[in-house]
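Engineer: quick one: sequence and predicted model below, then my questions.
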Amino acid sequence: MDRTTEGWICGLLGVVIFSGSLPATRIAVSDFDPFFLTLARATIAGVLAAALLAALRQRKPDREDYIPLAVVSAGVVIGFPLLTALALQYIAASRSIVFIGLLPLTTAIFGVIRNGERPRVAFWIFSSLGAALVTGYALANGGSASAMGDCLMLGAILLCGLGYAEGAKLSHKLGGWQVISWALVLTLPLMVAGTLLTLPASWSGIGMPAWLGLAYVSLFSMLIGFVFWYRGLVLGGIAGVGQLQLLQPFLGLMLAALLLKETVGWQMVAVTAAVILCVIGAKRFAKPQDADAESIPETEAGAPLQR
């Protein structure tokens, strides 16, 4: 298996994991305050990340790495979880598909700005077409609108795209899972303090579904998913692998159909097939025509040497 293919497989595994994030968040905020949910999920993941870094004796980031890590933290540890949790109080989880469909484009744009990637024109055509298909489907099936909810989701997508691109750039130096782990550890003192200040007044009214939602977003959405996602972005390229996010809304709906017995119509199947073709096309043209085809060294995407 070549390293680009491995990157796309890792990216797909990350997207599969992330596809459950919004439904789990929607369930969790039914009983938990959005601020507590954001702080608690980062605290739980941060404690696990700190233990993992210590157990494997990973080297500390250099001084110049802390600003990029702060950007990652602001985007994917604090910004996206908090803004989506707030938004889902105003809009249905299905409507959030409108904005998830824009995430591949924002990730690709930040990848160009922050990492100097230069996809071909055909890539942008396939990427824009895929975003339009997902957005159009979501607008037709996404429930009622809310200006506040929509603005919060837009902010979440912008911050998430920036966090993905910045994290992928830093992963070349630190390694994929190390980046999200250090980003979580960097914010851990603040998250612990915030969690204690926002504890629920009573635990008796919190149901098991909310606890399971908290567990999912803490373990999978905040940590495990990023292990695969950042490695995929490094090996396969930010702009290209980022297009796999177009599948995330449909994977979420399929998950709902399997677990919640919701109906999957032929329209969703048709749009999913079209989006898959767009992802294949984007993968084909993700690299510039004169791009060097050499593989990325293992130390850039895997664990860095310990010291």
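Structural biologist: That came through, no problem. Residues are numbered from 1 along each chain as shown.

Engineer: list the buried residues for the one helix or strand residue 39 maps to?
Structural biologist: Secondary structure assignment for residue 39, by DSSP states H and E: helix 34-55. Using 16 or more other CB atoms under 10 Å as the test for burial, helix 34-55 gives 34, 36-49, 52-53. In short, each C-beta sits where N, CA and C put it, glycine included.

Engineer: what's in contact with it?
Structural biologist: 25, 28-29, 32, 77-78, 81-82, 85-86, 88-89, 177-178, 180-182, 184-185, 187-188, 191-192, 194-195, 198-200, 214, 217-219, 221-223 (CB atoms under 8 Å, 6 or more residues apart in numbering).

Engineer: change it to 7 Å
Structural biologist: Outside helix 34-55, the residues within contact range by CB atoms under 7 Å, 6 or more residues apart in numbering are 28-29, 77-78, 81-82, 85-86, 89, 181, 184-185, 187-188, 191-192, 194-195, 198-200, 214, 217-218, 222-223.

Engineer: report all helices and strands that the following helix or strand past it contacts.
Structural biologist: As assigned by DSSP H and E, the chain's next helix or strand after helix 34-55 is helix 66-72. Judged by 3 or more CB pairs under 7 Å, 6 or more residues apart in numbering; DSSP states H and E, the packing partners of helix 66-72 are helix 147-174, helix 176-197.

Engineer: which strands and helices lie in contact with the first one?
Structural biologist: Yep, that's helix 147-174 we're talking about. Helix 147-174 sits against helix 66-72, helix 80-87, helix 97-100, helix 103-115, helix 176-197, helix 225-236, helix 238-242, with contacts defined as 3+ CB pairs under 7 Å, 6+ apart.

Engineer: what's the most buried one of those?
Structural biologist: Neighbour counts (mean count of other CB atoms under 10 Å) averaged over each of these peak at helix 238-242, with a mean of 30.

Engineer: contacts for that helix next, please.
Structural biologist: 7-8, 11, 104, 107-108, 111-112, 115, 117, 119, 123, 164-165, 168, 232-233, 282-283, 286.

Engineer: tally of neighbours for the closest residue to residue 103 other than its chain neighbours?
Structural biologist: Once flanking residues are discounted, residue 103 sits nearest to residue 245: 4.8 Å by CB to CB, 6 or more residues apart in numbering. Neighbourhood size, residue 245 [other CB atoms under 10 Å]: 30.

Engineer: again with the one 4 residues further on
Structural biologist: The criterion is other CB under 10 Å. On that basis, residue 249 has 29 neighbouring residues.

Engineer: what mean pLDDT would you report for the host helix or strand of it?
Structural biologist: For residue 249, the enclosing helix or strand under DSSP H and E is helix 248-260. The average pLDDT for helix 248-260 rounds to 70.

Engineer: and the helix or strand just after it, C-alpha only, in PDB?
Structural biologist: Sequence-wise, the next helix or strand downstream of helix 248-260 (DSSP H and E) is helix 266-284. The C-alpha coordinates for helix 266-284 follow below in PDB (Å, rounded to 0.1, in the frame of the first residue of the first chain):
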ATOM      1  CA  TRP A 266     -33.600   7.200  -2.600                       C
ATOM      2  CA  GLN A 267     -32.600  10.900  -2.800                       C
ATOM      3  CA  MET A 268     -30.000  10.400  -0.100                       C
ATOM      4  CA  VAL A 269     -28.600   7.300  -1.900                       C
ATOM      5  CA  ALA A 270     -28.400   9.200  -5.200                       C
ATOM      6  CA  VAL A 271     -26.700  12.200  -3.700                       C
ATOM      7  CA  THR A 272     -24.300  10.000  -1.800                       C
ATOM      8  CA  ALA A 273     -23.300   8.300  -5.000                       C
ATOM      9  CA  ALA A 274     -22.700  11.700  -6.700                       C
ATOM     10  CA  VAL A 275     -20.700  12.900  -3.700                       C
ATOM     11  CA  ILE A 276     -18.500   9.800  -3.800                       C
ATOM     12  CA  LEU A 277     -17.700  10.500  -7.500                       C
ATOM     13  CA  CYS A 278     -16.800  14.100  -6.500                       C
ATOM     14  CA  VAL A 279     -14.500  12.800  -3.800                       C
ATOM     15  CA  ILE A 280     -12.800  10.400  -6.300                       C
ATOM     16  CA  GLY A 281     -12.400  13.300  -8.700                       C
ATOM     17  CA  ALA A 282     -11.000  15.600  -6.000                       C
ATOM     18  CA  LYS A 283      -8.500  12.900  -5.000                       C
ATOM     19  CA  ARG A 284      -7.400  12.500  -8.700                       C
END
